[in-house]
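Asks: below: sequence and its predicted model.
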Amino acid sequence: MAETDTKTTEVEPTSLAPNALVGEIERTRNDLARTIDEITDRVSPANVARRATDQVKDRLSQVDPLVGGAVVLAAVSITCYVLWRRMRK
């Protein structure tokens, strides 16, 4: 989630100098622009697809070699059985 910095100052508007008020508005505008950029980056279809691909690659790289070997052995065994059955007919 995006970090939200909700530092609000309880200051009377009349007590702020015009330059201070302009500075506060600029900081708020910059914070909003940064937040919108982060949201845009998160929902961009290309970035969503890239993150999903990265997650799949990470999960595949964590597969235990013994499990991978067992899967390959099972696939080869099934293929050999199907070929043997077709040759018998």
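Replies: Noted; the coordinates are in hand. Residues are numbered from 1 along each chain as shown.

Asks: next secondary structure after the lengthiest helix in the chain?
Replies: Counting residues, the longest helix found in the chain (DSSP state H) is helix 18-43. The element immediately downstream of helix 18-43 (helix or strand, assigned by DSSP states H and E) is helix 45-61.

Asks: contacts for that next one?
Replies: Where contact means C-beta atoms under 8 Å, 6 or more residues apart in numbering, the residues beyond helix 45-61 that reach it are 41-42. (C-beta placed from N, C-alpha, C; glycine too.)

Asks: pLDDT averaged over it - what is it?
Replies: Averaging pLDDT along helix 45-61 yields 89.

Asks: could you give the angle of it to helix 18-43?
Replies: 50 degrees (axes from the mean of the first three to the mean of the last three C-alpha atoms, to 10 degrees).

Asks: for the very next helix or strand once past helix 45-61, list every residue counted as buried.
Replies: As assigned by DSSP H and E, the chain's next helix or strand after helix 45-61 is helix 65-88. Buried residues in helix 65-88, defined by neighbour count with 16 or more other C-beta atoms under 10 Å: none.

Asks: what's the angle between helix 65-88 and helix 45-61?
Replies: 90 degrees.
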